[in-house]
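Q: Fold the stuff below for me.
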Amino acid sequence: MINIGVIKTIISNVISVSLVTFAPMAKTRATKTKSKAKHPLLKRITNVATKVFIYFLLVSVFWVIALRFINPPITLLMVLRNIERKADGKPFKTEKKWVKFDDISDNMKRAAVSAEDQLFLTHIGFDMKAIEKAFASNAKGKKIKGGSTISQQTAKNVFLWPGRSWIRKGFEAYFTLLIELFWSKERILEVYLNVIEMGDGIYGAEAAAREYYGKSCTKLTKKQAALIASCFPNPRRWTPKNATPYIRHRQYLILRNMNRLGPLDF
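A: Presented below is the predicted three-dimensional model:
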């Protein structure tokens, strides 16, 4: 006769052995399932970030190369300034006219370089000494200085938004390297002198020359070009029409630098 107690004992032992054998396997499978659930998400995020980075590189390089041959029709700064004007109840104003590099007065070119970036022809986009001085001045709590070259200002004016954040500075450095790589120095200075803000709603040397002197930028004298360049740091506050003693002093320094600089050897 079959002993029920013995059968129960055997069944209990079999179940115990099964649990001991399959429990770790089940746990391993559960861990793998969890790992697989997390891994695809991380992989997906990495793939998306990589694609975005590659697309940004391709688009930015294409954009820079295109603007080597195409004159930028408008900049973000021009758009933002017009939004500000509209908010103040003023009409839209964007006075600008593109002038080719060879047609811009040599006085205007030398005044810009003398005022903003005397090492323009020799550096690769950055003036390290000027940057070090700016950091030292800012660290002492003095008035914030940028130490930006003409190349950096061109990159900011054409491709970016105004501001002083580190993120924007990072993009500025990136686009500065690109224009130094794909543009000539002539092209950088040409774009700079055609898009830079030179007054309230006034952009570029041609619009400034006509506004302040009633003539084309092709005919600017040394003194006129130096006075326009002296207002570059704050064009909406300073103007050649009502030059203060401070602006006149800046004009004098720029004229002195122009004489020392001599002709630009591109």
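Q: in the stretch 101-250 of the chain, which segments are predicted with low confidence?
A: Applying pLDDT under 70 to the stretch 101-250 of the chain flags residues 130, 134-146.
Q: switch the cut-off to 90
A: 126-147, 161-166, 242 (pLDDT under 90).
Q: So Val61 is in contact with Leu177, correct?
A: No: counting by C-beta atoms under 8 Å, Val61 does not reach Leu177; the two are 10.9 Å apart. The way it works is simple: take the backbone N, C-alpha and C, and place the C-beta from them, glycine included.
Q: quick one, which of the two is more surrounded?
A: Between Val61 and Leu177, counted using other C-beta atoms under 10 Å, Leu177 has the larger neighbour count: 16 against 13.
Q: who touches that one in this structure?
A: Ile124, Gly125 (C-beta atoms under 8 Å, 6 or more residues apart in numbering).
Q: ok, 10 Å please
A: Residues near Leu177 by C-beta atoms under 10 Å, 6 or more residues apart in numbering: Val64, Ile124, Gly125, Phe126, Ser151, Ala155.
Q: can you count the residues close to the fifth one?
A: As a burial measure, Ser151 scores 26 neighbours (other C-beta under 10 Å).
Q: again, but for the third one
A: Per other C-beta under 10 Å, the neighbour tally for Gly125 reads 21.
Q: likewise the fourth one?
A: With neighbours defined by other C-beta under 10 Å, the count for Phe126 comes to 18.
Q: That one is in contact with Gln153, isn't it?
A: No: with contact defined as C-beta atoms under 10 Å, Phe126 and Gln153 do not form a contacting pair (11.9 Å).
Q: Pick out the most distant pair among the contacts of Leu177.
A: Farthest apart among the contacts of Leu177 by C-beta to C-beta are Val64 and Phe126. That separation is 16.9 Å.
Q: distance of Ser230 from Thr244?
A: 10 Å (C-beta to C-beta, to the nearest Å).
Q: Now list whatever residues contact both of these two.
A: Counting by C-beta under 10 Å, 6+ apart, the contacts common to Ser230 and Thr244 are Trp238, Arg250.
Q: which of these two has more neighbours?
A: Neighbour totals were compared for Ser230 and Thr244, and Ser230 leads with 23 against 11 (other C-beta under 10 Å).
Q: hang on, the more buried one packs against Asn257?
A: No: applying C-beta under 10 Å, one finds Ser230 not in contact with Asn257, separated by 11.1 Å.
Q: And for Val195, the neighbour number?
A: 22.
Q: Check Trp183 too.
A: The number of residues packed near Trp183 is 20, by other C-beta under 10 Å.
Q: for it, what are its contacts?
A: By C-beta under 10 Å, 6+ apart, the neighbours of Trp183 are Val64, Ile65, Leu67, Arg68, Phe69, Ser151, Thr154, Leu189, Glu190, Val191.
Q: Could you do Leu178 as well?
A: By C-beta under 10 Å, 6+ apart, the contact set of Leu178 is Leu57, Ser60, Val61, Trp63, Val64, Ile65, Gly125, Ala155, Phe159.
Q: Of the residues you listed - the most surrounded one?
A: Ala155 (27 neighbours).
Q: So that one is in contact with Phe171, correct?
A: Yes: at 8.3 Å, Ala155 counts as touching Phe171 under the criterion of C-beta under 10 Å.
Q: one step back: nearest to Lys223, of the contacts of Trp183?
A: Set against Lys223, the nearest of the contacts of Trp183 by C-beta to C-beta is Leu189 (20.5 Å).
Q: what's near enough to touch that closest one?
A: Taking C-beta under 10 Å, 6+ apart, we find Leu189 in contact with 101, 104, 108-109, 112-113, 117, 120-121, 150-151, 154, 183, 264, 266.
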